[in-house]
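Undergrad: Can you look at this prediction? I've put the sequence above it.
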2 protein chains.
Amino acid sequence: MSELVSKEVHLVARPEGLPTVDDFKIVETRVELKPDDILVKNIYMSVDPAMRPALSNSQTKLNEVMAASAIGKVLESNEADIPVGSYVFHRFGFREYVALPKKDLEVITAENESITTHLHVLGITGFTAWGGLLITGELKENENVFVSAAAGAVGSIAGQIAKIKNCRVAGSCGSDEKVDHLLNDLGFDYAFNYKTASISKALHIGLPEGIDVYFENVGGKHLDAACGQMRPLGRIPVCGMISAYNNKGARSEGVTTLSNMIYNRVTMKGFVVYEFFERKAEFLSDMRGWLADGKIKYQETIKEGIESAPSALIGLFRGENTGKMLVQLAEE
Amino acid sequence: MSELVSKEVHLVARPEGLPTVDDFKIVETRVELKPDDILVKNIYMSVDPAMRPALSNSQTKLNEVMAASAIGKVLESNEADIPVGSYVFHRFGFREYVALPKKDLEVITAENESITTHLHVLGITGFTAWGGLLITGELKENENVFVSAAAGAVGSIAGQIAKIKNCRVAGSCGSDEKVDHLLNDLGFDYAFNYKTASISKALHIGLPEGIDVYFENVGGKHLDAACGQMRPLGRIPVCGMISAYNNKGARSEGVTTLSNMIYNRVTMKGFVVYEFFERKAEFLSDMRGWLADGKIKYQETIKEGIESAPSALIGLFRGENTGKMLVQLAEE
């Protein structure tokens, strides 16, 4: 049995509204290795907006360690195909060390990329953007596309994929710096700061012919404006509604324009990334090709240390990230 | 040239909010027959909620005759396959007589049914219910189904089709008499008066396992309650949003529960009946079989005379109809 001590994050109070750091507690525990377990030191973990609704229900238990996607390095292993020193992806973040059976680990076969990319552009958020836009959203070449939270981990990739497909792309974000980033780094055709612009007016300017695909990350006022401007046979893949997550019951601000769904035969569809898992090889092939060609760029916002994990999660709802928000738990 | 005089309905003012009879005018015109035209005396015409949004845009021109589905009797014809005395379906209601080329007429091949059924259960509204529920809604046996405006022309048929498919069916309507009709005449499992009940509480009682398919006719508060109770992979075929049609821009009351579409991967899809036209033979076969077996019942609310057409249309928004609202323009 190991004498290793690991710090981990517990939820100690169910937040109402925006969580505070006092809703979380850093706890030290001893790591126990069962026979055949593989010992992993976590290097990076992911925080994602979708974690917020899970804080309000039984998916997240009080006074137990929380869950997150993470990448770690193998410290002890008897498995020939998961050797000591290899990098692994797993779902047991929010802790420094973890002992897991082989079935819970996926060895990362990094090519020329940073291992962190497997927590975003080559991982869940990139796959979410790819599947949500191309499969759920049924994107076609030359369409008019609106992406909300477009400077975020999913939105930034969705917008760039739409550009690769020769679409006209408008994006919303929460600061003028992010507007610059969307226009000048990521090649969006139009971008606006929803905190200072009228969303509805901005969409009329950015996509004057209307919207064929709205990649929905925000909900509420964003959806109210976008739904009213959907074109015939438009699609709204619903990836997230970050504006609602801190409200009781995840209720958004009221959406009043849904009757346009009838006149223009619009489809709105909630999706979850695991729907696309059988097409993972296709996704990785596309995304690695686009990365190699410089067609997809990404940014990371990295906080340091397990103690910063709660504030990193909270920071997502304050727009503190550009691109993917990660927490680095140890040196690579 | 005919000396026949026909009364017809013009829109003379674009309504804001609920239309009034003063927004319409009955005008006498002379019917002019071109060579090869067929002269038709209209017997019945349809009024439908979807006419309301068209009063606010260029689909309906001011000071011209309005359009509606109608059934008429042929008075003059040189076409062997549209003989004098036959009944025809066309899109030129809101007038007593009409002269039309052959291409605009569809001869009704009535079997044992009343000709009025071709304006509802065997016509557009029945086809809308059938296609919206079975095609757009992808209804499966034994699901939990909610139908709003369930005593209306479309809702009453949608609910009964869901019962034929062995579903548990709840319906909303606007009076206690209609509740009785849904439960005792149409075989709904549960029905409530939305004017006196909490929609959300009623749905929890009527469909305690949640909703697989919500056949949406109303929008606003109905959708807000239903969307929050959708089950995994639930579908919301959006047929209409009558609660919104009299508002500026057809805006509904705010819907705040759309984040449930993500967690439960719900699809909401606006549709129009013409999407299903290639399957008309299948629809007619199903519906005639169900009518013959007594599995589908219908009611008609019939107003008399062209002068009552505006008030019949307005009456739809006051819940004055049970089943299909028609205007009888002449004796059969």
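TA: Looks like it arrived, so ask away. Numbers count the residues shown, from 1 in each chain, chains lettered A, B, ... in the order given.
Undergrad: What are the boundaries of the strands in the stretch 101-250 of chain A?
TA: Chain-ordered strands for the stretch 101-250 of chain A, with DSSP state E, counting those that start in this stretch as the definition, fall at A:106-107, A:144-147, A:168-173, A:190-193, A:211-215, A:230-238.
Undergrad: Against which helices or strands is the last one packed?
TA: Helices and strands touching strand A:230-238, by 3 or more C-beta pairs under 8 Å, 6 or more residues apart in numbering or on different chains; DSSP states H and E, are strand A:211-215, helix A:221-227, strand A:267-270. Every residue, glycine included, has its C-beta placed from N, CA and C.
Undergrad: Can you say which of these is nearest to chain B?
TA: strand A:267-270 (3.7 Å; C-beta to the nearest C-beta).
Undergrad: Out of the strands of the stretch 101-250 of chain A, flag the one nearest residue B:284.
TA: With C-beta to C-beta as the criterion, residue B:284 lies closest to strand A:230-238 of the strands of the stretch 101-250 of chain A, at 26.9 Å.
Undergrad: Output the strands of the stretch 101-250 of chain A in TSV, with mean pLDDT, mean neighbour count and distance to residue A:259 appended to each entry.
TA: Shown next, in TSV, are the strands of the stretch 101-250 of chain A (pLDDT from 0 to 100; neighbours: other C-beta atoms under 10 Å in any protein chain shown; distance: least, C-beta to C-beta, whole Å):
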stretch	mean pLDDT	mean neighbour count	distance to residue A:259
strand A:106-107	96	14	45
strand A:144-147	98	29	19
strand A:168-173	98	27	23
strand A:190-193	98	20	25
strand A:211-215	98	28	16
strand A:230-238	98	22	11
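Undergrad: okay if I get these as TSV plus distance to residue B:68?
TA: Supplementary listing: the strands of the stretch 101-250 of chain A in TSV, determined by distance: least, C-beta to C-beta, whole Å:
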stretch	distance to residue B:68
strand A:106-107	62
strand A:144-147	35
strand A:168-173	39
strand A:190-193	42
strand A:211-215	32
strand A:230-238	24
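Undergrad: Alongside chain B, which residues does the stretch 1-150 of chain A contribute?
TA: Residues of the stretch 1-150 of chain A found near chain B (C-beta under 8 Å from any C-beta of the partner chain) are residue A:53.
Undergrad: Low-confidence ranges, the stretch 1-150 of chain A, go.
TA: Within the stretch 1-150 of chain A, the segments meeting pLDDT under 70 span A:1-2.
Undergrad: Relative to chain B, which residue of it is the closest?
TA: In the stretch 1-150 of chain A, the residue that lies nearest chain B is residue A:53 (7.1 Å; C-beta to the nearest C-beta).
Undergrad: since we're on that residue, how many residues are nearby?
TA: Residues contacting residue A:53 under the criterion other C-beta atoms under 10 Å in any protein chain shown number 20.
Undergrad: Which secondary structure element is home to it?
TA: When elements are defined using DSSP states H and E, residue A:53 is found to belong to helix A:51-55.
Undergrad: List every C-alpha atom in that helix, with coordinates, as CSV.
TA: The C-alpha trace of helix A:51-55 is given here as CSV (Å, rounded to 0.1, in the frame of the first residue of the first chain):
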residue,chain,number,x,y,z
MET,A,51,-19.7,21.0,-14.6
ARG,A,52,-21.9,23.8,-13.1
PRO,A,53,-25.3,22.1,-13.5
ALA,A,54,-23.7,18.9,-12.0
LEU,A,55,-22.9,20.8,-8.8
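Undergrad: Off-centre distance for it?
TA: A distance of 13 Å separates the centroid of the chain from that of helix A:51-55, by C-alpha atoms, centre = their mean, to the nearest Å.
Undergrad: go on, stretch A:277-286?
TA: In this view, stretch A:277-286 has its centroid 17 Å away from the chain centroid, taken as C-alpha atoms, centre = their mean.
Undergrad: In chain A, what residue comes closest to chain B?
TA: For chain A and chain B, the shortest gap (C-beta to the nearest C-beta) falls at residue A:254, measuring 1.5 Å.
Undergrad: correct me, but that residue touches residue B:255?
TA: Yes: counting by C-beta atoms under 8 Å, a contact exists between residue A:254 and residue B:255, whose distance comes to 6.1 Å.
Undergrad: what about those two, which has more around it?
TA: Shown here are residue A:254 and residue B:255; by other C-beta under 10 Å, residue B:255 has more neighbours (27 against 19).
Undergrad: Would you map out the domains in chain A?
TA: A:5-117+A:299-328, A:124-275 (automatic domain parsing).
Undergrad: Would you agree the residue of the stretch 1-150 of chain A closest to chain B is in contact with residue B:264?
TA: No: Residue A:53 is not in contact with residue B:264 according to C-beta under 8 Å; the separation is 12.0 Å.
Undergrad: list residues touching both of these two?
TA: The overlap between the contact sets of residue A:53 and residue B:264 (C-beta atoms under 8 Å, 6 or more residues apart in numbering or on different chains) is empty.
Undergrad: Out of the strands of the stretch 101-250 of chain A, flag the one nearest residue B:283.
TA: strand A:230-238 (22.4 Å).
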